[in-house]
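Peer 1: next input, structure requested:
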Amino acid sequence: MIGLQFHQDKVIQALAKELPNLQWSEEFGMVYIRNTKQNLDLIFEKFRGVAWINCSFFFKDKIINPSNEEVNISWFRKRKTEPGYRVCPESYLQKLELKRYSNNTIRTYVSAFEAFINHYKDLELLDINEHDIRLYLQNLIQQGKSNSYMNQAVNSIKFYYEIVLGMPNRFYTIERPRKQKKLPQVLSKKEVLSLINNTNNTKHKCIAGLLYSAGLRRSELLNLKLTDIDSQRMLIRVEAAKGNKDRYTLLSKKLLEDLRLYYKEWKPTAYLFEGSKGGQYSTTSVENIIKKAAVKAGIKKKVTPHMMRHSFATHLLENGTDLRYIQVLLGHSSSKTTEIYTQVATSNLQLIKNPLDL
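Peer 2: Now for the predicted structure:
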């Protein structure tokens, strides 16, 4: 059932009485109607512009992300904006901080939400309705934005109205684009080795080698500490990875030799890979290393750091490694996520004879 609880107000009482099959509960001291999507739609429509609907009691509060990543939003407050630019409300940013969203997620949400509110500069945020949002999404489609970007836009908008203002599912009827089922792009073993060998120095070679040989995400690579390399057990400890989960992955014997040379030459102090002024190495630097090495190796594909991780999983599968072990090494919560690599692994496909060649 949907219970309606409100301070005494004749207008609200009169509107409530117009709801279908309204009943009174002595136990809970409130009126109620059957919990259906049609009734929920009707409640929002009936009280629109008259009362503020807070249906947070219907939804469990999201668990605050217990990640140990240090949230840094100083860039937001220090940045310079153009005159008339509408910035994200402070309450929005505070909620992102309190829930300990990752820095990447914060940047994505703030960027997407500011694009939205600057599209409607002349409207108060509370005056924006579902129709306005649909028009905005339609505008994104006309701009050629990807489904992924549009989903991020919807998430950033819903975060403000549902999480910051405490109005869950205010825009629950907003359509989302269909999720695209894209297969991961992978490199051949020959291409991977060529890329690693075409890096500029030992540090870059270790970065490219670790992304591939350990199946690391870029953020996991950058968060590695010196103590995470266990040369006795030939394992790498990945701490507080995606979903705040720790795991172990493989340490290559060949790469260990390069890592020892790198350590003697560069002498990192805390993180395995550090910038010129200390502290964590930057994400853009890692991306540039992979891109430049791919160009030097003559690889025509657009290569990203994450493609090295995809290649690691695919090559393991092609070599006969059990899918469950690959799931553990990658840190996937669900085996369904790992199963995507069965569609790009070629070992089984090569056993099938093409009918033209029979």
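
Peer 1: now for the residue lying closest to Gln5 once chain neighbours are set aside: which residues touch it?
Peer 2: Distance criterion Cβ to Cβ, 6 or more residues apart in numbering; nearest residue to Gln5, sequence neighbours excluded, is Met30 at 4.6 Å. The way it works is simple: take the backbone N, C-alpha and C, and place the C-beta from them, glycine included. Met30 makes contacts with 3-5, 24, as judged by Cβ atoms under 8 Å, 6 or more residues apart in numbering.

Peer 1: backbone phi and psi for Met30, please?
Peer 2: When read as degrees, to the nearest 10, the backbone of Met30 gives phi -160, psi 160.

Peer 1: residue ranges for the strands of the protein, please.
Peer 2: For the chain, the strands defined by DSSP state E cover 2-4, 23-25, 30-33, 229-230, 235-238, 247-250.

Peer 1: turn these into TSV, including mean pLDDT and distance to Arg260.
Peer 2: Formatted as TSV, the strands of the chain follow (pLDDT from 0 to 100; distance: least, Cβ to Cβ, whole Å):
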stretch	mean pLDDT	distance to Arg260
strand 2-4	90	65
strand 23-25	93	71
strand 30-33	92	69
strand 229-230	96	10
strand 235-238	95	14
strand 247-250	94	17
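
Peer 1: which of those sits closest to Lys264?
Peer 2: Nearest to Lys264, of all the strands of the chain, is strand 229-230, at 14.2 Å by Cβ to Cβ.

Peer 1: can you list the neighbours in contact with that closest one?
Peer 2: With Cβ under 8 Å, 6+ apart as the test, strand 229-230 has contacts from 236-237, 251, 256, 259, 272.

Peer 1: just the helices in the stretch 1-150 of the chain please.
Peer 2: Assigned by DSSP state H, counting those that start in this stretch, the stretch 1-150 of the chain shows helices spanning 10-17, 37-46, 74-78, 90-98, 103-119, 130-142, 147-158.

Peer 1: what helices or strands is the shortest one leaning on?
Peer 2: Meaning helix 74-78. Here helix 74-78 touches no other helix or strand, going by 3 or more Cβ pairs under 8 Å, 6 or more residues apart in numbering; DSSP states H and E.

Peer 1: how far does that helix sit from the chain's center?
Peer 2: 22 Å (Cα atoms, centre = their mean, to the nearest Å).

Peer 1: thinking again about what came up before, which one of the contacts of strand 229-230 sits closest to Ala293?
Peer 2: Proximity to Ala293 was ranked across these by Cβ to Cβ; first place goes to Leu259, at 17.6 Å.

Peer 1: contacting residues around the nearest residue to that closest one once chain neighbours are set aside?
Peer 2: Distances taken as Cβ to Cβ, 6+ apart place Cys206 nearest to Leu259, at 5.6 Å, with adjacent residues excluded. Cys206 is in contact with 255, 258-259, 262, 273, counting by Cβ under 8 Å, 6+ apart.

Peer 1: at 7 Å instead, please
Peer 2: Going by Cβ atoms under 7 Å, 6 or more residues apart in numbering, Cys206 touches 255, 258-259, 262.

Peer 1: mind checking how far it is from Glu239?
Peer 2: 19 Å (Cβ to Cβ, to the nearest Å).

Peer 1: filter the contacts of strand 229-230 to the buried ones?
Peer 2: Among the contacts of strand 229-230, those buried by neighbour count (16 or more other Cβ atoms under 10 Å) are 236-237, 251, 256, 259, 272.

Peer 1: can you get me a residue count around the nearest residue to Phe159 once chain neighbours are set aside?
Peer 2: Using Cβ to Cβ, 6+ apart and skipping residues adjacent in sequence, the residue nearest Phe159 is Tyr109, 6.1 Å away. Look at Tyr109: counted by other Cβ atoms under 10 Å, it has 23 neighbours.

Peer 1: for this structure, what helix or strand is lowest in average pLDDT?
Peer 2: helix 74-78 (a mean of 77; mean pLDDT, DSSP states H and E).

Peer 1: from what I see, Tyr262 and Lys203 are in contact.
Peer 2: Yes: counting by Cβ atoms under 7 Å, Tyr262 touches Lys203, with 5.6 Å between them.

Peer 1: which residues touch Tyr212?
Peer 2: By Cβ under 7 Å, 6+ apart, Tyr212 lies in contact with 192, 308, 311-312.

Peer 1: could you check how far Ile236 is from Arg309?
Peer 2: As judged by Cβ to Cβ, Ile236 and Arg309 stand 13 Å apart.

Peer 1: next: Lys203.
Peer 2: Between Lys203 and Arg309 the distance is 19 Å, computed by Cβ to Cβ.

Peer 1: one step back: before we move on, what's the pLDDT of the residue nearest to Leu259?
Peer 2: You'll see Cys206 listed with a pLDDT of 97.

Peer 1: rewinding a little: show me the contacts for the residue nearest to Phe159.
Peer 2: Residues in contact with Tyr109 (Cβ under 7 Å, 6+ apart) are 96, 156, 159.

Peer 1: these into a markdown table, with extra columns for distance to Leu216, neighbour count and pLDDT?
Peer 2: Below are the contacts of Tyr109 laid out as a markdown table (distance: Cβ to Cβ, whole Å; neighbours: other Cβ atoms under 10 Å; pLDDT from 0 to 100):
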| residue | distance to Leu216 | neighbour count | pLDDT |
| --- | --- | --- | --- |
| Leu96 | 26 | 24 | 88 |
| Ser156 | 28 | 22 | 93 |
| Phe159 | 29 | 20 | 90 |
